[in-house]
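Provide a 3D model corresponding to the input given below.
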Amino acid sequence: MGDCVRIVGWSVVSALKSRGDLALENVALRHQLMVLGRQPGRVRLKVRDRLFWIWLRRLWPGWQRALVLVQTATVVKWHRKGFRAFWRRKSGRRRGRPRIHPEVRKLIRDMWRANPTWGKPRIQEKLHKIGIEVSDSTVRRYRPPRSGPPSQSWRSFLENHVRDIAAIDFFVVPTVTFRVLYVLVIMSHDRRRMLHFNVTASPSARWTARQVVAALPYDAAPRFLLHDRDSISRGSFAERIETMGIEEVVTAPHSPWQNPHCERLIGSIRRECLDHVVVLGERHLMRVLRRYASHYHSSRTHRSLDNDYPDPRGVEPPEMGNVVALARVGGLHHRYTRRLAA
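Prediction:
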């Protein structure tokens with residue numbers, strides 16, 4: 001009974017409407033019937049359906065009375081969303097701040113990692129000096145996470161102290177008559193230089209202390225001296241080191257890797273020189289070591305020194321002449337340099 005009354009009421013209202021309103025109402029109702037018959041189950045509106053109701057809302061003031069499938073607020077939301085899309089398209093595709101180039105992002109992260117004591121303003125100033133203008137928020141955004149307070153790397157710590165570290169060690173060399181000779185090597189961690197070497201058949205603490213004094217004058221003595229736990233490093237040796245103001249750094253027992261630079265130097269002397277020589281005696285061994293030391297300092301490149309020599313040497317361009325080979329260590333090695341033809 002209620003539905004019948006409702007239908008009669010709609011008929012009376014429709015009779016009072018204009019022909020234009022009736023046509024638009026008919027289109028709206030037919031569209032909703034088409035949507036309902038297009039697919040069973042839940043109603044899924046397509047983009048064209050939403051555009052239809054946005055168009056009908058602008059054209060017909062009575063559109064709300066004919067809408068059944070969705071609420072009127074939904075149509076209003078569609079209209080606002082469409083307006084934002086239209087304005088975004090009209091304003092251009094650029095959104096927000098300009099994108100930061102990947103190389104700049106990588107540079108900012110690298111600067112944060114390589115300079116842990118720097119802050120945001122310092123990094124921004126450094127970027128400005130190389131022609132890169134970024135905001136402070138950009139520098140902060142690409143800061144890598146930290147697990148603790150800022151701290152320098154071990155590499156930086158060692159680089160700052162390498163000039164104050166020297167190391168000593170012994171190695172043995174058999175002679176042609178199977179006599180054992182002891183070679184003492186004192187080297188500086190800075191530039192990997194051999195500061196001093198000497199040969200003896202009977203090393204002692206007093207003899208070793210004299211070698212350290214000869215190699216490390218008081219005005220150029222390092223802060224630290226690295227050596228192993230040999231019994232020679234006690235007694236008069238330790239007393240002399242203390243009077244020179246040098247602090248001893250002793251490696252752990254059976255831990256040669258804790259004196260790596262000196263061990264590497266001894267290995268180079270063996271592989272590149274002594275393994276190819278039959279030592280006749282102390283004088284012969286000293287002559288061979290002097291030749292190798294000259295080659296080591298002026299002709300042997302080191303990866304840790306960026307392929308330079310302990311005694312720095314500049315690059316020789318082709319304009320300096322032809323390449324000539326100069327024999328070193330009796331011909332075991334050669335030095336290549338440029339010389340103008342006579």
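
Where does the residue nearest in space to the middle of the chain fall, secondary structure wise?
Taking C-alpha atoms, centre = their mean as the criterion, residue 110 is the residue nearest the geometric centre of the chain, at 5.7 Å. Per DSSP states H and E, residue 110 falls inside helix 102-114.

so what secondary structure elements neighbour that helix?
Where contact means 3 or more C-beta pairs under 8 Å, 6 or more residues apart in numbering; DSSP states H and E, helix 102-114 is packed against helix 120-129. Heads up, the C-betas are built off the backbone N, CA and C, glycines and all.

before we move on, the earlier item: buried ones in the helix holding residue 110?
Neighbour counts over helix 102-114 (16 or more other C-beta atoms under 10 Å) mark 107-108, 111-112 as buried.

how far off helix 120-129 does that helix point, in degrees?
Counting by axes from the mean of the first three to the mean of the last three C-alpha atoms, to 10 degrees, helix 102-114 points 130 degrees away from the direction of helix 120-129.

would residue 338 count as being in a strand?
Yes - using DSSP: H, G, I helix; E, B strand; the rest coil, the assignment for residue 338 is a strand.

quick one: residue 182 and residue 172 touch, right?
Yes - between residue 182 and residue 172 a contact is recorded at 5.8 Å, counting by C-beta atoms under 8 Å.

out of these two, which sits in the busier spot?
Legend: neighbour count by other C-beta atoms under 10 Å for residue 182 and residue 172, higher for residue 182 (17 against 8).

Which secondary structure state is assigned to the more buried one?
strand.

And the pLDDT for it?
For residue 182, the pLDDT comes out at 97.

again with residue 31
On pLDDT, residue 31 comes in at 68.

do the one 10 residues further on as well
Listed pLDDT for residue 41 reads 64.

Export stretch 332-342 to PDB, keeping only CA atoms.
Once non-C-alpha atoms are left out, stretch 332-342 reads as follows in PDB (Å, rounded to 0.1, in the frame of the first residue of the first chain):
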ATOM      1  CA  LEU A 332     117.700  -8.500 -10.000                       C
ATOM      2  CA  HIS A 333     115.700  -5.300 -10.500                       C
ATOM      3  CA  HIS A 334     115.800  -2.400 -12.900                       C
ATOM      4  CA  ARG A 335     114.800   1.300 -12.600                       C
ATOM      5  CA  TYR A 336     113.200   2.800 -15.700                       C
ATOM      6  CA  THR A 337     113.600   6.500 -16.400                       C
ATOM      7  CA  ARG A 338     113.800   8.900 -19.200                       C
ATOM      8  CA  ARG A 339     116.900  10.500 -20.500                       C
ATOM      9  CA  LEU A 340     117.700  12.800 -23.500                       C
ATOM     10  CA  ALA A 341     119.900  11.200 -26.100                       C
ATOM     11  CA  ALA A 342     123.500  12.400 -26.000                       C
END
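
so residue 292 touches residue 272, yeah?
Yes - counting by C-beta under 8 Å, residue 292 does reach residue 272; the two are 7.2 Å apart.

Need the residues touching each of those two.
Here residue 292 and residue 272 have residue 329 as joint contacts, going by C-beta atoms under 8 Å, 6 or more residues apart in numbering.

Of these two, which one has the most company?
Comparing residue 292 with residue 272 by other C-beta under 10 Å, the one with more neighbours is residue 292, at 24 against 16.

does the more buried one sit in a helix, a strand or a coil?
Residue 292 ends up helix, using three-state DSSP.

tell me, how many neighbours does the residue nearest to it when sequence neighbours are not counted end up with?
Distances taken as C-beta to C-beta, 6 or more residues apart in numbering place residue 273 nearest to residue 292, at 4.4 Å, with adjacent residues excluded. Under the neighbour criterion other C-beta under 10 Å, residue 273 is assigned a count of 20.
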